[in-house]
Structure formats: C-alpha cells, structure tokens
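*Asks:* sequence and predicted structure are below.
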Amino acid sequence: MNAGKKVSGGSEAHQYMVKLAFEAMKVTAVLNQGYHEPEEIFVITKLYPNQFANAEEAVDEALDKLDIEYIDMMLLHHPGDHDVEAYQAMEQAVEEGKICSIGLSNWYVEELTEFLPQVTITPALVQNEIHPYYQENDVIPFIQEKGIVVQGWYPFGGRGHTAELLGDEVISEIAEAHGVTSAQVILRWNLQKGVVVIPGSGNPEHIRENIALFDFELSAEEMKRIAALDKREKHDWY
C-alpha cells in the first residue's frame, strides 16, 4: 500500500489487464505488511483437486476461513477428476453472491478445448506458468482470443531458477539500456504481451520496483530478443 499503487494484467482490454496487474500486486504488498481495509483487497483463492468432489462445501469453508462475505475470484488449481462439477459449483456460488468471478489455473489448449463447452460461465482468467524460458506463445493467444485474461505465475522462473533468469545476458543488457532491473524488464515484457503478472515479495524496495513499469517501453527488437530465449522449459509440473 505504501508503494502507492493498487493491485488484484492501447485497448480497453489491455487497460483492464493492467488494472488487474496492479490489483494483484497491491494484494501481495498489503498482506506482506500485515494490514488492510477489506474494500481495498481483491481476494483470489483456489479449489484443489481433492476438494472438487465436494466443491460447494469447499466454497463455504473458504468463506469461513477467510472470514469474508464474498470471494472476489476463485480458481480451480489444475485439471482433475470432477473438475467440471467443481466449476459448476463455483458457477452456482456466483449466482448466490458468494463469488464474484471464477477462473482456472494450469489449463492449456487441449484442456480448455475439452472443458469450456461443458460450462456456462466463461472463465474470467486463466493463470499459468509464464516466464521468458517458458513463454506459452501458442497458449496465450488461444486464451486471449476467447476474451479471457491470462495471468502468469513464476514470472521470474520459480524456485531454484530466479537467479539464472534475472542474470540472463539478454535480459540484463536490456535492463541496463533502460536503467531498470532485470525483474522490471521481465514484468514489462509480460504486460506488453497482455499478460497480468503476480510477482511476490516481502521486500518493500522490490515491491516498489515491481509496480514501476510504466516509465519505459520495450522496443519490438527487444521483445524479439526475449522471445528468442524460449526453451519451453517448464519449472513446475502443473
């Protein structure tokens, strides 16, 4: 909050994505500082596969544990048995005012192609692993063309890979050219691709860096250089 930006990722759609990006960053900053005003927090939580068979009860349990009247957004964590039924339970919770928006996490082209015709409410968001070494250049446009916001987790490569990614020669050169950090270059790259990012940090300086993304813009050539880094190297199994 003290960083001065609000969080929950051109066109109206891009502006909406950027707003979501700020909302996500604000939540991280506020929770790390240990205080908040309820109306200022955009709460996102998930149902895990072991909850899919009893999703209605899991939604109520989440509300009780979070001690809130409604959840801003709930996602299914990844595909699994009874995922359609679980999503339908979330749809019912939307009708009942328990959830405002619903979405998916770790769903890709094949999974979405099978899943979407079976549900009524189009996911507001799909959250997947996205970083310069795993760019999902086929998945992102597939999702966006359906009017769904794409959100990237592990923007810096994830556990055990962050130092390697932030120290990448290409990214470091681009960062030096703009007078910013490698982390800022990666976040800006995501935003220019229309991807909402959710970096996490408990360091106030890093939090401020993570939202200082609008004083510079990557050129088309710089975007191409980062695109060339794609190794299709996934760092988690989801």
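*Replies:* It's in. Numbers count the residues shown, from 1 in each chain.

*Asks:* need the three-state assignment for the residue nearest the centre of the chain.
*Replies:* For the chain, residue 151 is the residue whose C-alpha lies nearest the centre (CA atoms, centre = their mean; 3.0 Å). Three-state call for residue 151 (DSSP: H, G, I helix; E, B strand; the rest coil): strand.

*Asks:* my read: it touches residue 193, true?
*Replies:* No. The pair residue 151 and residue 193 does not pass the contact test of CB atoms under 8 Å, sitting 11.9 Å apart. C-beta here means a position set from N, CA and C on the backbone, and glycine is covered the same way.

*Asks:* just to revisit the earlier point, who's the residue nearest to the centre of the chain bridged to?
*Replies:* With DSSP bridges applied, residue 151 shows beta-bridge pairing to residue 127, residue 196.

*Asks:* for it, report the pLDDT, please.
*Replies:* Note on residue 151: pLDDT of 95.

*Asks:* what does residue 35 give?
*Replies:* So, for residue 35, pLDDT stands at 46.

*Asks:* what's the spacing between the residue nearest to the centre of the chain and residue 211?
*Replies:* 16 Å (CB to CB, to the nearest Å).

*Asks:* can you check residue 75 too?
*Replies:* 23 Å.

*Asks:* next one: residue 59
*Replies:* 31 Å.

*Asks:* check residue 236 too.
*Replies:* 25 Å.

*Asks:* so which of those two has more stuff around it?
*Replies:* residue 211 (20 against 11; other CB atoms under 10 Å).

*Asks:* quick one: the more buried one from residue 199, how far?
*Replies:* Taken as CB to CB, the span from residue 211 to residue 199 is 9 Å.
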